[in-house]
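Pasting a predicted model and its sequence here:
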Number of protein chains: 2
Amino acid sequence: MKPLVETSSIRWLSQKYYEQNGDHIEVLETPPSALHFSRLVHISRPVVIKGFQVPASNLWSDEYLIERMGTREISIAVTPNGLADAVTRGPDNRLYFAEPLVEQMTMEKFLSRLSPGSVVNDSEIHYLQSQNGNLYASGYFEGDLQPPSEFDPLRPDVPSDIPWCSEAFDRTPDAVNLWIGDSRSITSIHSDPYENIYTVVRGAKHFTLFPPTDGWSMDEHIYPHATYKRSAVTSALMLEPSSPTTEVRWSSISDPHIPGVLPPDVHPVYITLGPGDTLYLPAGWWHHVQQSEITIALNWWYDIEMQGMSWVLLSFLRGIGDVPPGNPESATATEDGKEDVKSLTRT
Amino acid sequence: MKPLVETSSIRWLSQKYYEQNGDHIEVLETPPSALHFSRLVHISRPVVIKGFQVPASNLWSDEYLIERMGTREISIAVTPNGLADAVTRGPDNRLYFAEPLVEQMTMEKFLSRLSPGSVVNDSEIHYLQSQNGNLYASGYFEGDLQPPSEFDPLRPDVPSDIPWCSEAFDRTPDAVNLWIGDSRSITSIHSDPYENIYTVVRGAKHFTLFPPTDGWSMDEHIYPHATYKRSAVTSALMLEPSSPTTEVRWSSISDPHIPGVLPPDVHPVYITLGPGDTLYLPAGWWHHVQQSEITIALNWWYDIEMQGMSWVLLSFLRGIGDVPPGNPESATATEDGKEDVKSLTRT
């Protein structure tokens, strides 16, 4: 099928965008006013913001979190490789978009599973990444009764919205999330149709960013969906394809840092956030995220402006080229099949 | 030469834009705050704003203008057809992008040449449209010494900038202009790389607007440049091709109201501004402008935001398709040549 939008057009736009903007990222020493932030949203480039303080930043030691959360159970993503929501090779040698097993445990048990260093040989890796508005979901702002947050005791430490953002966007957040993980958990490259404010409470987050115009280089494929389950026999994690079959469109670049994985005319932007640092990540920007130690972060997602060009342009940039299957047509992968996914060296 | 951007891609984007936005135009009953206006700039759709008051609105009768301006001479565009800066057929039957003769005269003499009705058989049509920052040019804001405005006596009646705009754009205007004309003067379809605030003091302006994504339907051609001069012999206006030859890229649609001139999937937006009405016309929007009586208007041009996607996207939308010559290759036009410019029925 002929693609709706010609890839050559997008590459031209991608090049023009880079020529005009380079890879400059603005750093603000203090949070902006709503008006200043509104101007930055119009520019829609990432901005690092210093000095945005949340009470959590001064409070959230392990001891505090364990004490406040007590015996409550929270939802934790468990995988064998730290890749929740990522393309992963299954036991049948086919590639899947794999979702984690979600297990309930106390904060104390969860934190005991994290590693401050990078070399640990656990067979299971834990990541708090429920990203469903685990602190505040949209219903909270609409006054709806809803299932209480798993993190209700921590809510006093996190503002439900950020005034200079809510005023600039003229809306309340769609979701506010808590993220806790260690260096073994990696977020694979993707883009979200949300305006994102991301702040680090403890640890360090390493972002690799690409503008929406670079989407053509993300090498998206169609993968069958699967979820990690516990085998009844061995209790080990095993990847179980979804039934009925579900397909997910996802980048086949597992790690943009691998030399040669990206076309030479694509220009990633690298940003590291430490404690107290905040990133405005505009809607549609592609991002790969790693952590270098035990890292606690918060994010506020705001709906993108649907009027005007923003949403339309993201659709346009996604409407490009062919999105081929991630696996060869035959039921199991061959050497040829592996050729198609040579960038998936991490899995 | 193969165009840099495929027209099919732009038509897809154009259609998506219309599906998302329709032809809705917001009307504000009072001027927005700077923050509100910044959000509207991000959306980049035209907005009609009521209640923006300038002193000129209450002051500018003909008598007042004549009294204040006295014997000063001002620059007035003179054409035989009311088409200053438009595609016009020359005496050699070729099509030119024609600029007006600019003559100096007093306000009193200029106003005596305007007609309150629409049926007048003057051989020359006058329009105050110098659009070079005739009230305030960028140098004014930079504190530079510069040639004084021709309209210096009227400056107290017109603010040099609009606070809610200057704060939202984070800059002062690039140019502030006074426009005075009657129903015989028409502004041909074009787009400007400026954010535009346009307010009517007296009379009525009729805008026909198209989003930047509709640029593919504007049927741009390359025309040789010419300027009206006075013949030394008869004193009549005659069109004189520029030497050395200069070429101008311009829409060949002289009047978008003519049935069949536009593709069926293009959706013009019609807006009429009366006294006290203001239009935010975002950068890159195509516009055709008419007046239905003697009309006095003011506009403030602000530079477009160069960071991010706005400027890049306008370049992208202009980079499409072929822009053929507006005249056949032979030196004088033939019936075939006229076929190429069938929409130029007004000239």
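Looks like it came in fine. Numbers count the residues shown, from 1 in each chain, chains lettered A, B, ... in the order given.

and the helix or strand encompassing residue A:57, which residues are buried?
Under the criterion of DSSP states H and E, residue A:57 resides in helix A:56-59. Of the residues in helix A:56-59, A:56, A:57 count as buried by neighbour count, 16 or more other C-beta atoms under 10 Å in any protein chain shown. Backbone N, C-alpha and C define where each C-beta goes, glycine included.

just stretch A:283-299 next, same as before
Going by 16+ other C-beta under 10 Å, stretch A:283-299 has these buried residues: A:283-291, A:294-299.

In strands, which of these fall?
Using DSSP state E, the members of the buried residues of stretch A:283-299 that fall within strands are A:286, A:287, A:288, A:289, A:290, A:291, A:295, A:296, A:297, A:298, A:299.

Name the nearest of the residues you listed relative to residue A:209.
residue A:287 (5.3 Å; C-beta to C-beta).

The closest one contacts residue A:279, correct?
No: with contact defined as C-beta atoms under 8 Å, residue A:287 does not reach residue A:279; the gap is 9.3 Å.

which neighbours do these two share?
residue A:207 (C-beta atoms under 8 Å, 6 or more residues apart in numbering or on different chains).

And the residue of the stretch 51-200 of chain A that's closest to chain B?
Closest to chain B within the stretch 51-200 of chain A is residue A:170: 5.9 Å, counting by C-beta to the nearest C-beta.

Residue numbers of the stretch 201-347 of chain A in contact with chain B?
The stretch 201-347 of chain A has residues A:213, A:305-313, A:315-316, A:319 near chain B, with proximity defined as C-beta under 8 Å from any C-beta of the partner chain.

switch to 10 Å and redo it
The stretch 201-347 of chain A comes close to chain B at residues A:211-213, A:282, A:284, A:305-313, A:315-317, A:319-320, as judged by C-beta under 10 Å from any C-beta of the partner chain.

for the stretch 51-200 of chain A, same thing?
A:167, A:168, A:169, A:170.

Over to the second one. Which of the three states is it?
Meaning residue A:168. helix (DSSP: H, G, I helix; E, B strand; the rest coil).

List the residues that contact it.
By C-beta atoms under 10 Å, 6 or more residues apart in numbering or on different chains, residue A:168 lies in contact with A:32-42, A:162, A:195, A:302, B:35, B:38-39, B:42.

what about 7 Å?
Counting by C-beta atoms under 7 Å, 6 or more residues apart in numbering or on different chains, residue A:168 touches A:34, A:37, A:38, A:41.

restrict those to those near chain B?
Among those, the ones lying near chain B by C-beta under 7 Å from any C-beta of the partner chain are A:34, A:38, A:41.

which residue sits closest to the first one in space, ignoring its chain neighbours?
So the one you mean is residue A:34. Closest residue to residue A:34 apart from its sequence neighbours, by C-beta to C-beta, 6 or more residues apart in numbering or on different chains: residue A:167 at 3.6 Å.

quick one: that neighbour and residue B:35 touch, right?
Yes: judged on C-beta atoms under 7 Å, residue A:167 makes contact with residue B:35 at a distance of 6.4 Å.

circling back: just the ones of the contacts of residue A:168 in strands?
Per DSSP E, those never map to strands.

Tell me the one of the residues you listed nearest chain B?
Nearest to chain B among the contacts of residue A:168, with distances taken as C-beta to the nearest C-beta, is residue A:38, at 3.9 Å.

got a list of what the closest one touches?
A:168, B:35, B:38, B:39, B:42.

For the fourth one, give its distance to residue A:278.
From residue B:39 over to residue A:278 the distance is 21 Å, taken as C-beta to C-beta, to the nearest Å.

Tell me which residues are up against the host helix or strand of residue A:27.
Using DSSP H and E, residue A:27 sits in strand A:26-28. With C-beta under 7 Å, 6+ apart as the test, strand A:26-28 has contacts from A:47, A:48, A:49, A:50.

Would you indicate which residues of it are buried?
residue A:28.

where's it relative to the chain centroid, distance-wise?
22 Å (C-alpha atoms, centre = their mean, to the nearest Å).

Provide the strand pairings for that strand, with the direction of each partner.
Counting by DSSP bridges, the strands paired with strand A:26-28 are strand A:47-50 (parallel).

Output the partner strand as CSV, nothing but the C-alphas.
The C-alpha atoms that make up strand A:47-50 are tabulated as CSV, following Å, rounded to 0.1, in the frame of the first residue of the first chain:
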residue,chain,number,x,y,z
VAL,A,47,13.3,23.1,28.2
VAL,A,48,15.2,22.2,31.4
ILE,A,49,13.8,24.1,34.4
LYS,A,50,15.7,24.5,37.7
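
Okay, buried residues for it please.
A:47, A:48, A:49.

List just the nearest of those residues to chain B.
For the buried residues of strand A:47-50, the nearest to chain B is residue A:47 (11.0 Å; C-beta to the nearest C-beta).

For whichever residue of the stretch 201-347 of chain A sits closest to chain B, give me the pLDDT.
With C-beta to the nearest C-beta, the shortest gap between the stretch 201-347 of chain A and chain B falls at residue A:308, namely 3.7 Å. What the model reports for residue A:308 is a pLDDT of 97.
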